[in-house]
Structure formats: C-alpha cells, structure tokens
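> no sequence for this one, just the structure:
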DNA sequence: ACTTAATTAGTAATGATTCCTATTATTATT
DNA sequence: AATAATAATAGGAATCATTACTAATTAAGT
C-alpha cells in the first residue's frame, strides 16, 4: 500500500474524533483538505485502513461507523440522542464461556447496549 | 392494527425458522402463500410486528435479519459460513455494571460474537 | 527522467429499504 | 346483509449507503 495524500487525510480525520463518524461525515471533512476528493475514495480508503488494522468498523443499525480505538471495547447507544459512547467492561469471561460451551473460536465480541444515557433519562416517559 | 392475511403469513414464516431470515427470504416464502404479495408489504409488516413486540430485528453487518425469539439471547456469527447461532450467556452483570458505572438505563444488550464455528475450525488457516 | 502499477475522480450501478398512490379489504355500524 | 370509514395492499418510483468501473493521475523504484 503506497502513500496517498487522500488516505493520510482520511486517517487523520478518523483519528481526530471520538464521535464514531460515518463515511459521509469523513467525506465532508475531507473535502476541506482535498477539495475534489470523491466519496468512493473515502470508502475505499476506510476499507483499506481497516484491512491494515488502523481503524475499526462499527455497524450502527444498518449504517457503518468508523472508530480509531483499537482497544477491545463496547458501546452504549442512547435511543434518545443516538450517541455512541465508548465503554470498557473487560469481560474475558465471555470468550472463555463461548469457547467451552459452543466450541467456537472467538475473534471479536461486538456488543452494543441500547438504552438511555444520563442526559436523557427523564425524557423517557 | 387490524387483521391481514399477509401479516399473518409473514409472522408464521418468521416463526417457522431458526435461521434469522432476511426480508427478502421472507418475501420469497410469502409469495408461495400470497402469490402477488409485494416486498414493501413484507418490510412494512416486519416493522409492525417488531413494534408490537412479536419479532426482533438483528443487524448482521448492514443487513437486517428477523428473529421470533423474544428471550434475551446473543448470537455467534461464523465468518466462514456466515451462520448466526443463538446462544444464552445470561449475564445480568452487564446490565448492573453499566447502570452503575455509566448512569445508563439499559433496555437491551445486543451482542454478536464473531469467530469460527466448530464445523469450520480447521479451515481457518 | 522513465516505467510500472497503485490510486484517484467522477460517475454509473447495485442492493436494501422506504415512500407514494390508487385500489382493495377489514371492521364497526346501521 | 349493505354501508361507511379507514387501515392495508400491490406495484412501482425514490432514496440511501455502498460498490464497481474506467480513463487519467501519481507515488515509488530503476
């Protein structure tokens, strides 16, 4: 994989935020640096960056979001504001249990906890 | 919500399988019962059935799958065959931890464990 | 500088899902 | 059983996210 100005920009954009951006959000930001970058380039590079292990993809419903955080972690999703919040539960238990009970070789545990964040607790009813 | 032949068929199709079918799979089956049913009807009814709490939606990557199983459970996804396998880990721990640590009201925990199922363990390398 | 192949912009194509509208069917009421 | 009110439908168009295609560009080795 050789150097490209576009990929460098895309990577630094993803690395600049904790907001788990979508491809389109990255595209909008990238245009400010590389004015005539195309959306296809953004997708292609996001995929390459994932292949190389520099970013991770999170599926939020049926839309892809990207995350620079490589450490194993999970997400809280608030159904009021839609925000994805990083959390660390550190449960190696899950891996062990699954391996023993289901003879399943675990690569990755993707957990999203749906609910209401502290900012919106009262708006529930 | 009033009765419809279409919705009844769609529900019984989802309830007839453990394969976590996609909308299109349900559509193909439904055509055998209601020959000129339309895909839009399938989507509309799947959503209604979910609203009413009769089925659940699982996002498998960026494609929606439907599940009749209302009991809290998680899924193993084999990256070789793509199959989604139901599992029960029963960890109320997660709910408690999240509630205390992050002041987050938990509605649902969606966990998908990616890896290799016992049928494909050797094919890994 | 020259060559080679990876990368790009721009656009067309795809696939899943939603939206729109005239018609049909269910349910309550007479 | 006929009527009225309106939820639900079929069929197709529209949308949204993502991928594929292609000629032109560009990084990097020689």
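That came through fine. Since we're looking at a predicted model, the values are computed, not measured.

> Just checking, which helix or strand of chain A averages the lowest pLDDT?
When the helices and strands of chain A are compared on mean pLDDT, DSSP states H and E, helix A:92-102 comes out lowest with a mean of 85.

> after it, next one along is what?
Counting by DSSP states H and E, the next helix or strand C-terminal to helix A:92-102 is strand A:105-116.

> nearest residue to residue A:78 other than its sequence neighbours?
The shortest distance from residue A:78 to any non-neighbouring residue, by Cβ to Cβ, 6 or more residues apart in numbering or on different chains, is to residue A:117 (3.9 Å). All C-beta atoms are positioned from the backbone trio N, CA, C, and that covers glycine.

> Next one: the one you found from residue A:2, what distance?
Per Cβ to Cβ, to the nearest Å, residue A:117 is found 42 Å from residue A:2.

> Look at those two and report which has more neighbours.
Legend: neighbour count by other Cβ atoms under 10 Å in any protein chain shown for residue A:117 and residue A:2, higher for residue A:117 (19 against 4).

> Correct me if wrong: that one contacts residue A:76.
Yes. The pair residue A:117 / residue A:76 is scored as a contact, 6.7 Å apart, by Cβ atoms under 8 Å.

> Pull up the overlap in contacts between those two.
Overlap of the contact sets of residue A:117 and residue A:76 (by Cβ atoms under 8 Å, 6 or more residues apart in numbering or on different chains) consists of A:85, B:102, B:104.

> The first one belongs to a strand?
Yes. The secondary structure assignment for residue A:85 places it in a strand, going by DSSP: H, G, I helix; E, B strand; the rest coil.

> For residue A:24, give me its contacts.
residue A:39.

> Which of the shared contacts of residue A:117 and residue A:76 sits closest to residue B:33?
Nearest to residue B:33 among the shared contacts of residue A:117 and residue A:76: residue B:104, at 42.7 Å, using Cβ to Cβ.

> Pull the contacting residues for the closest one.
Contact partners of residue B:104, counting by Cβ under 8 Å, 6+ apart, are A:76, A:78, A:85, A:113, A:115, A:116, A:117, A:118, B:98.

> got a winner among those for most neighbours?
residue A:113 (24 neighbours).

> From DNA strand C, how far out is the residue nearest to residue A:78?
Distance of residue A:117 to DNA strand C, computed by Cβ to the nearest atom of the strand, to the nearest Å: 23 Å.

> which residues of chain A fall in helices?
With helices called from DSSP state H, chain A shows them at A:5-15, A:23-33, A:39-51, A:92-102.

> Now render the ones you listed as TSV, adding distance to residue B:28.
Output for those, formatted as TSV (distance: least, Cβ to Cβ, whole Å):
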stretch	distance to residue B:28
helix A:5-15	39
helix A:23-33	31
helix A:39-51	30
helix A:92-102	30
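
> Now render those helices as a markdown table, adding distance to DNA strand C.
Shown next, in a markdown table, are the helices of chain A (distance: least, Cβ to the nearest atom of the strand, whole Å):
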| stretch | distance to DNA strand C |
| --- | --- |
| helix A:5-15 | 3 |
| helix A:23-33 | 8 |
| helix A:39-51 | 3 |
| helix A:92-102 | 26 |
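
> Nearest to residue B:40, out of these?
Among these, helix A:23-33 comes nearest to residue B:40, with 25.9 Å by Cβ to Cβ.

> List the buried residues of that closest one.
A:23, A:25, A:26, A:27, A:29, A:30 (16 or more other Cβ atoms under 10 Å in any protein chain shown).
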